[in-house]
Every structure is written in structure tokens, then in C-alpha cells.
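1. 3D, please:
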Amino acid sequence: MNLFVDLGNSCLKWARCESGAWKVGSTLPARQGDLRAALIEAWTGLPPAEQVVVCSVAGEAAYDAVVSASQELWQRPVKRFVASAECGGVRNGYEDPVTLGGDRWAALIAARRQFAEALCVVDCGTAVTVDALNEDGVFLGGVIFPGLSLLRTALVSGTAGAGTPSGQEGDCLARSTADCVAAGTRFGLAGAVERLVAEHRSKLGAEMRVVLTGGNAASLVPLLNLETEFVPDLVLRGLAAAEGVC
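-> Got it, this is the predicted structure:
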């Protein structure tokens, strides 16, 4: 079994490739009190891991919890996935390729493997990234901006009257402050994604395919005036593709 871990700022996701079969596991909070114990509980009973590959944008304490849990269960070293100049048919156009976030790099590799054409890869997590990949597999660059939870937290903490960030997000004709915050950030984020996709299309062409992933992607899809491909496990699939399995 090959085990792949996507350790984000808010959530930990994992999947395994076993005898050529792809199996997605549970999602765990990345900032819980004892992540190591939660992982041991979740992974106990799995077949022995031949390798464990981790992509982490979280703090070192969370990463160390993953390493400790995997070593206790399987006595295997953990491979930390980082960006490189080239991998999986993708060439990294960052000024310093190794400084690109591993999650963005993995998502680009997976998207290229699935769709060999010009792409805009949008990851809607704690932060939102919108990245451009041309038809030759060259990563041209992208942007990073706050996701839904960060937008709401910033608005509530930075104003005296916004109140709670918890409200109904479905209607722009909101009639309570909490609903105004929830709906405004959701619809506003969808508008930002549309604008950035349009910017990428101006460089890559109108036929550019849009691939979405991330924990908040499903919330944004109904609002986008775009044809999109939603791949919830895109980062995990990129880790597997980089290792040449599944």
C-alpha cells in the first residue's frame, strides 16, 4: 500500500493506492489537540504501508504528528513532497521553483495528467489559489488570496458591527448582518474566481479548461458562470502521479 497525505491549514486528507485501486480516506481537522492519536486510530487496520508521502502547508507540529503516527504503525520513513523544476509532464515557471507550495504543485501535476490541455487550476481551501498551466504543460504562475473562512474572520475581527461570521450564505438580499457577511463573502469570492479565470483566459485562450478542488469548491460551483471540472482529491492524486502509482 502507498499512503498519500494532504496536510492543509485546516484539514488533513488522505488516500491510499492498494493493488492499483484508489481509495480515499476520511478528512480530519489539522489543528485538533492530538492529531497523532487521531491518525493512529484512523490508520490502524490498514495494510502495511510501503511508503508514506506527505504534502504539508501546515506547521511543523502537525507534520511531526503525521510522521510519528506513520512510524509507529509501519516503521517507514516519510517522504515530504516539495515542488521541483519539473515533474509529471509539468515544468515549473516559478522564479524559484522549490518555493512553490507543494499542494499547488501536486494539483498541477494531477490536472495535467487528467487533462493534457491549457488549464486553470483553482484550489478553494483556507487560501484560494488560481494557477495557469499552458497546453505544453508549463506552469506560468498564479495568485493567492484569502478563502471563505479567512474572509469572514477578517471582516468580523476588523469591524465593530459585523458580529458573528456564522450566517446564511444563499441570498444576496440578506436581512441580517450575519447573513450579509456569509453571503457577501461567498458571492464575492465567486466573483473574484471568475475575474481571475478571465485573466488567465486572456493569456491561455478561451478554450482553457477550469479545474476546481478544495474544501470550499462545492460551495462556489453553483455560483460560477463557468464550466468547471470538480476533482475533490486533486492534490492527493497529484502525489500519486508524482510517484508513478495509481
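2. use CA for all of it now, contacts and neighbours both
-> Will do.
3. just for the chain, where's the confidence low?
-> Low-confidence segments of the chain (pLDDT under 70): 160-166.
4. can you pull out the helices in it?
-> Taking DSSP state H to define them, one finds helices in the chain at 35-43, 60-74, 102-114, 148-158, 177-204, 217-220, 234-243.
5. reformat these as TSV; add mean neighbour count and distance to residue 211.
-> What follows is the helices of the chain, written out as TSV (neighbours: other CA atoms under 10 Å; distance: least, CA to CA, whole Å):
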stretch	mean neighbour count	distance to residue 211
helix 35-43	17	29
helix 60-74	18	27
helix 102-114	25	7
helix 148-158	17	19
helix 177-204	19	11
helix 217-220	17	10
helix 234-243	24	9
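6. now those as CSV including distance to residue 86?
-> Shown next, in CSV, are the helices of the chain (distance: least, CA to CA, whole Å):
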stretch, distance to residue 86
helix 35-43, 31
helix 60-74, 24
helix 102-114, 10
helix 148-158, 31
helix 177-204, 20
helix 217-220, 27
helix 234-243, 10
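7. for those, which one sits closest to residue 17?
-> helix 234-243 (7.9 Å; CA to CA).
8. angle of the closest one against helix 102-114?
-> When axes from the mean of the first three to the mean of the last three CA atoms, to 10 degrees is applied, the directions of helix 234-243 and helix 102-114 differ by 70 degrees.
9. check the offset of helix 234-243 from the chain's centre.
-> 12 Å (CA atoms, centre = their mean, to the nearest Å).
10. and that helix, what other elements does it pack with?
-> strand 2-7, strand 11-18, helix 102-114 (3 or more CA pairs under 8 Å, 6 or more residues apart in numbering; DSSP states H and E).
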